[in-house]
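In: Sequence plus predicted model, see below.
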Amino acid sequence: MKDRHALLREVFNHKFIKTLIFSFIERDNAQIKAYKYDDVVSLDWMVQNKQWALLRYKMNRLEYIHFDMGKSRELIFGIRDLDLFVKVYNRFKEFFVAFGRGVEYAARANNTRIVKYLVEKMPDNYERALEQCTLNKNLDLVRYIMDKSEKKKILKMPGIITTNLRTAIENKDVVMIKYLSQFNEAKQTEEYKVILLKIATATGSTEIFELVYRLYKAGVSEQWLLPSVPHYDLFVYLVVNFYKYIGEDLFFKLARATVQTRSYKSLLFLKQSNHLTPQIYKFVSNLMAVEAFREQDIDAYNMFANGVPCKMNTLSISSIKDALSNPARVKEFLKMGTSVTSYCFQKASSDPSTWETFMYLWECSKKEKMPLTTFISRKSTSITNRHIFLLEFLIEQDYNLQNEHWFWSVLAHNDENFAFINKFLSVYTISFPSKKDVLVGLSNAARYGAVANFKLIYNHLHQAGFINSNDIIQAYTNAIFYSHYDIVQFLVNSNAPHLNTMLGKCRTVGMAKLLLESGHSFTSYTIRDAVIGANISVLEFLLSALLDIPASASTYPMLEALKVSVQQNRVNHFKLLLAHYNGIKVGELVQEIGEHGNVDILKEFHNKCPSDLRSFASECLSKCIQNGHLFMMKYLISHFNRSLLNALDFESVLHYKYYHILEYFREPLMDYHSNISKLFNQAYLKEKDSIKIDGKFSHFIQKFIYNSQKKNNSPFFKKHMFD
């Protein structure tokens, strides 16, 4: 048998299988966009969707991976595999100049291994990281970071010790409780101690309580005694050791708490220890007997009832465990004298498994003529659960569902519900107020391919005069988007009205052909819509069909489609569209490329339109600098160096604190007489007031100025995290 790695190599190196696998990778859901292997270039997407094998594969093959300054710098710290993390970091380390938040980001991602790795590499202040570990309740990391930090700094952080101590108590972490107690130098308030003891008793651990009580001793209080009631051993321990401080009133509260938590042994202990008067015990034991009966714990019921049966007329059948499971049990409890309330009807009617019970109760109630409105309402679970037995029953009982179309629309997704929907729509005429909800049902049927339901609902809407292009646009779109040919063919055969905006929503070539043959045509958004989520084969088909349209009619839509392909990092789509583009408004396209920073897309454009890129290179550079795209900036400068010297936007660099771009220009910036240095000085004069607000960044800028005056060739900043 092949090992896993050999199998993965075989799969990934097989072009067909590889393409097939990654054609099913989707972002959030298919309605937004679906990615094939070659479309997946965003580091953010791979990390957010935990596509670790894909990321590793692309890293090993040195394929292009897009790094976004706005997201990627934080997201890579969510990579849990240390080897992969280091590879990704080293590939993009130029973006991490003077970057001091790695430990914090890794802690926010609850990434224990990477946090420990970074702490060893980056001695620093870890206050923010400690806060993140605390929020994540990661006591292992909390202890690790606290060991690496100065105690006085930790004590200055409000809530850190308190919050972690509470977590340690909840987790019954004895070692951590002892460790954290050393940081509580200041005198603690009584209220604080009571809170900790309350948490300790809620754990049910005698060991934890003893430890917390020894460290945070407080007066006896019902606040920390009551949570111990369900935990028999701890409860006995507390009563035995603190009974002198527990008055009669508090013992009564403890006894009542045994009923609320059905803590039989705890109540018997209070009785046997003579902490309850006979009158109080009799009162509480009767309550306990009722609770035991509700739970159908007959042994406990007999023990606490003590031969005196409870008053069953105070009990509703619905409050007794499994009483509504079948009619026989209902009969049994009715003989005992239990009562039937409206909630019994509501509860029994809301679940198909108890429908027989509901019908039995309904037959029994006929003499009393109980109105349906006592247990059926617009908000009741009986209707919102969309229980078909009940809904059919309500129709038979002439219950007014005329204005209740909203509840059944989701049932239209499955043709198994056809009989009910047919019955419902036959009884109730579709009115204008109900039209919206019926259209939702039509859309659900279209989305899930419920052909019979779709035809039924469509015909009823048509008869009611509610079929127009605006009304059915969502249903029409769903049928096309999810490739339900039978429904689309039905719409075509029915001459269903439409807004002619569907062609770009096709996800298969077959569907696109069907629409074109049935009279659908291109609009200014067709090609753009096809880029958003379609397979590239659909785009190829539509572009070939578009060739007969005059250039003037297709130029602007092509530009918009190109922009979308840039925004989504779809290089193959971009390449295909570029072959059909005639260059109108090319400046807008170049700026879009600069804004999103995909170097592969820039290279494709440069190869196809070198003169256009040369004409708008400065605009492209300005956009990529504004967004911190270092790799694209380097590409542009390497190809258009002289013409771009005056386009360096240092105002944006200073405004957005792009350390990595300043470091890239270190040498020319150190030359006081260079053009680049002059541009920087001009930008600094404009931005210096805002820079002062950020002390850290201001410090680095001042260091740069000092170095330039001294002609010091050392870097402005510590270049990378691990240097």
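Out: Now that the structure is in, tell me what you want to look at.

In: Now the helix or strand encompassing Cys344: buried residues?
Out: Counting by DSSP states H and E, the element that carries Cys344 is helix 342-349. Neighbour-count burial for helix 342-349, counted by 16 or more other CB atoms under 10 Å, picks out 344-349. C-betas here are computed from N, CA, C, even on glycine.

In: same check, this time on stretch 178-185
Out: 179-181, 183.

In: try stretch 294-301
Out: 294, 297, 300-301.

In: Between all of these, which two are separated the most?
Out: The most widely separated members of those, counting by CB to CB, are Arg294 and Ala300 (10.7 Å).

In: picking that back up, any chance of TSV for the buried residues of helix 342-349, columns distance to Ser431 and pLDDT?
Out: Below are the buried residues of helix 342-349 laid out as TSV (distance: CB to CB, whole Å; pLDDT from 0 to 100):
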residue	distance to Ser431	pLDDT
Cys344	34	89
Phe345	29	87
Gln346	28	82
Lys347	32	86
Ala348	32	87
Ser349	26	82
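
In: ok, which stretches of the stretch 501-650 of the chain are helices?
Out: 509-517, 526-533, 536-546, 551-567, 571-578, 586-596, 599-608, 610-615, 617-626, 630-644, 650-655 (DSSP state H, counting those that start in this stretch).

In: quick one, which of those helices is nearest to Trp362?
Out: helix 509-517 (49.3 Å).

In: what about that closest one, average pLDDT?
Out: Averaged across helix 509-517, pLDDT comes to 93.

In: Give me the contact list for it.
Out: Here helix 509-517 makes contact (CB atoms under 8 Å, 6 or more residues apart in numbering) with 480, 483, 485, 488-489, 492, 502-503, 506, 537-538, 541-542, 545.

In: Max pairwise distance over those residues: which two?
Out: Greatest spacing in the contacts of helix 509-517, by CB to CB: Val492 and Ser537 (22.2 Å).

In: So between these two, which is more surrounded?
Out: Between Val492 and Ser537, Val492 has the larger neighbour count (other CB atoms under 10 Å), namely 16 against 11.

In: give me every residue that touches the more buried one.
Out: Here Val492 is in contact with 514, 518 (CB under 8 Å, 6+ apart).

In: pLDDT wise, what is it at?
Out: For Val492, the predicted pLDDT is 95.

In: And what about it, helix, strand or coil?
Out: helix (DSSP: H, G, I helix; E, B strand; the rest coil).

In: if I look at it, how far off is His498?
Out: 10 Å (CB to CB, to the nearest Å).

In: Dump the C-alpha coordinates for stretch 647-658 into CSV.
Out: The C-alpha coordinates for stretch 647-658 follow below in CSV (Å, rounded to 0.1, in the frame of the first residue of the first chain):
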residue,chain,number,x,y,z
ALA,A,647,6.2,59.0,-8.9
LEU,A,648,7.3,57.6,-5.6
ASP,A,649,4.4,58.3,-3.2
PHE,A,650,6.3,58.7,0.1
GLU,A,651,3.3,60.5,1.6
SER,A,652,1.3,57.2,1.5
VAL,A,653,4.4,55.3,2.8
LEU,A,654,4.6,57.6,5.8
HIS,A,655,0.8,57.8,6.3
TYR,A,656,0.3,54.0,6.3
LYS,A,657,3.6,53.3,8.1
TYR,A,658,5.1,51.1,5.4
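
In: What residues sit buried inside that stretch?
Out: Buried residues in stretch 647-658 (16+ other CB under 10 Å): 647-654, 657-658.

In: Adding pLDDT as columns, could you present those in JSON lines?
Out: Listed next are the buried residues of stretch 647-658 as JSON lines, based on pLDDT from 0 to 100:
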{"residue": "Ala647", "pLDDT": "75"}
{"residue": "Leu648", "pLDDT": "85"}
{"residue": "Asp649", "pLDDT": "86"}
{"residue": "Phe650", "pLDDT": "88"}
{"residue": "Glu651", "pLDDT": "87"}
{"residue": "Ser652", "pLDDT": "88"}
{"residue": "Val653", "pLDDT": "88"}
{"residue": "Leu654", "pLDDT": "87"}
{"residue": "Lys657", "pLDDT": "85"}
{"residue": "Tyr658", "pLDDT": "89"}
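
In: what's the closest of these to Phe631?
Out: For the buried residues of stretch 647-658, the nearest to Phe631 is Tyr658 (13.2 Å; CB to CB).

In: Can you report how many residues neighbour the residue lying closest to the closest one once chain neighbours are set aside?
Out: Leaving aside its chain neighbours, Tyr658 sits nearest to Gly628 (5.0 Å; criterion: CB to CB, 6 or more residues apart in numbering). When counting by other CB under 10 Å, one arrives at 23 neighbours for Gly628.

In: how close does Gly628 get to His660?
Out: 7 Å.

In: joint contacts of these two?
Out: Taking CB under 8 Å, 6+ apart as the contact rule, Gly628 and His660 both touch Phe95.

In: re the thing from before, now the buried residues of stretch 647-658 as TSV including distance to Val440?
Out: Output for the buried residues of stretch 647-658, formatted as TSV (distance: CB to CB, whole Å):
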residue	distance to Val440
Ala647	53
Leu648	55
Asp649	50
Phe650	54
Glu651	51
Ser652	47
Val653	51
Leu654	52
Lys657	48
Tyr658	48
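
In: Is Ser339 bridged to anything, and to what?
Out: Ser316 (DSSP bridges).

In: what number of residues lie near it?
Out: Quick note: Ser339 (other CB under 10 Å) scores 15 neighbours.

In: how close does it sit to Ala545?
Out: Taking CB to CB, one finds Ser339 at 72 Å from Ala545.

In: Then Gln260?
Out: The value you get for Gln260 to Ala545, if CB to CB is used, is 72 Å.

In: And the strands in the protein?
Out: Along the chain, the segments classed as strands by DSSP state E run 25-27, 33-35.

In: Spatially nearest residue to Ser690, not counting backbone neighbours?
Out: His655 (6.9 Å).

In: isn't that neighbour right next to Lys688, touching?
Out: No - the criterion here is CB atoms under 8 Å, and His655 misses it with Lys688 at 11.3 Å.

In: which regions of the stretch 301-450 of the chain lie under the pLDDT threshold?
Out: Applying pLDDT under 70 to the stretch 301-450 of the chain picks out residues 367-370, 373-386, 401-407, 432-433.

In: all helices for it, in order.
Out: With DSSP H, counting those that start in this stretch as the criterion, the stretch 301-450 of the chain has helices spanning 327-335, 342-349, 355-364, 381-384, 388-396, 418-427, 432-448.

In: For the last one, which outside residues touch it?
Out: Right, the one you point to is helix 432-448. Helix 432-448 is touched from outside by 402-403, 405-406, 408-414, 421, 425, 428, 430, 450-451, 453-454, 457-458, 460-461, 464, 466, 471-472, 474-476, 478-479, 482, 484, 487, with contacts defined as CB under 8 Å, 6+ apart.

In: Buried only: go through the residues you listed for me.
Out: Applying 16+ other CB under 10 Å to the contacts of helix 432-448 flags 405-406, 408-409, 411-414, 421, 425, 428, 430, 450-451, 453-454, 457-458, 460-461, 464, 466, 471-472, 474-476, 478-479, 482, 484, 487 as buried.
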